[in-house]
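Asker: make a model of this:
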Amino acid sequence: AKPVISTLDYRPFLDKLQNGETRRFALTATPVASKDGKRTPLRTPAGMHQWAERKLAQAGARLDALDILDVHATRQGPKLTFHTVEYTGVFTVTDRDKLTHAMLDGIGHGKAYGLGLMLLF
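Answerer: Numbers count the residues shown, from 1 in each chain. Just a heads-up that it's a prediction; the model follows:
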């Protein structure tokens, strides 16, 4: 049998976001520091927190609360390992246009591997 795939238009939800609005979120991402073109995973809770705060600010949100739920490494072949962090928290929308862009495009460097997609509640 042929699988049935249906999609919903995300734009009406994003169009309702307003500056000053507070939202809960969940995000699984690959927090890294880049130096001389090389990415190094952030392994300390402080580094992971600072990365999330910076990325959310760039995405048009002010971080109000953050919890790190899980940190794990996933090996993809002999040379590629992802260090992923599962975040949950609360933010306030500061720039709805930037946030809409981030919601559609993702956050961080792991987007090609299904990471960096943020869920809002």
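Asker: which other helices and strands contact the longest helix seen in the chain?
Answerer: Ranked by residue count under DSSP state H, the longest helix found in the chain is helix 45-58. Contact partners of helix 45-58 among helices and strands, from 3 or more CB pairs under 8 Å, 6 or more residues apart in numbering; DSSP states H and E: strand 22-29, strand 32-35, strand 61-76, strand 80-93. Heads up, the C-betas are built off the backbone N, CA and C, glycines and all.
Asker: what mean pLDDT does it have?
Answerer: Here helix 45-58 scores 97 as its mean pLDDT.
Asker: before we move on, back to that, which among the helices and strands packed on helix 45-58 is found nearest to residue 41?
Answerer: strand 80-93 (3.6 Å; CB to CB).
Asker: direction included, what does the closest one pair against?
Answerer: Within its sheet, and counting by DSSP bridges, strand 80-93 is paired with strand 22-29 (antiparallel), strand 61-76 (antiparallel).
Asker: packing partners for the helix or strand that it is followed by?
Answerer: Downstream of strand 80-93, the first helix or strand assigned by DSSP states H and E is helix 96-105. Packing partners of helix 96-105 (3+ CB pairs under 8 Å, 6+ apart): helix 11-15, strand 118-120.
Asker: got a list of contacts for the longest one?
Answerer: Contact partners of helix 11-15, identified using CB atoms under 8 Å, 6 or more residues apart in numbering, comprise 100, 103-104, 120.
Asker: and that helix, which residues are buried?
Answerer: Within helix 11-15, the residues scored as buried using 16 or more other CB atoms under 10 Å are residue 14.
Asker: go on, the shortest one?
Answerer: Along strand 118-120, the positions that meet the burial threshold by neighbour count (16+ other CB under 10 Å) are 118, 120.
Asker: that strand: how far from the chain's middle?
Answerer: 8 Å (CA atoms, centre = their mean, to the nearest Å).
Asker: adjacent strands (with direction) for that strand?
Answerer: strand 22-29 (antiparallel).
Asker: using PDB, write down the CA coordinates of the partner strand.
Answerer: Taking Å, rounded to 0.1, in the frame of the first residue of the first chain, the C-alpha atoms of strand 22-29 are listed here in PDB:
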ATOM      1  CA  THR A  22       6.300  34.300  26.100                       C
ATOM      2  CA  ARG A  23       6.600  30.800  24.700                       C
ATOM      3  CA  ARG A  24       7.900  27.400  26.000                       C
ATOM      4  CA  PHE A  25      10.200  25.600  23.600                       C
ATOM      5  CA  ALA A  26      12.000  22.400  23.000                       C
ATOM      6  CA  LEU A  27      15.200  22.200  20.900                       C
ATOM      7  CA  THR A  28      17.700  19.400  20.000                       C
ATOM      8  CA  ALA A  29      20.800  20.900  18.700                       C
END
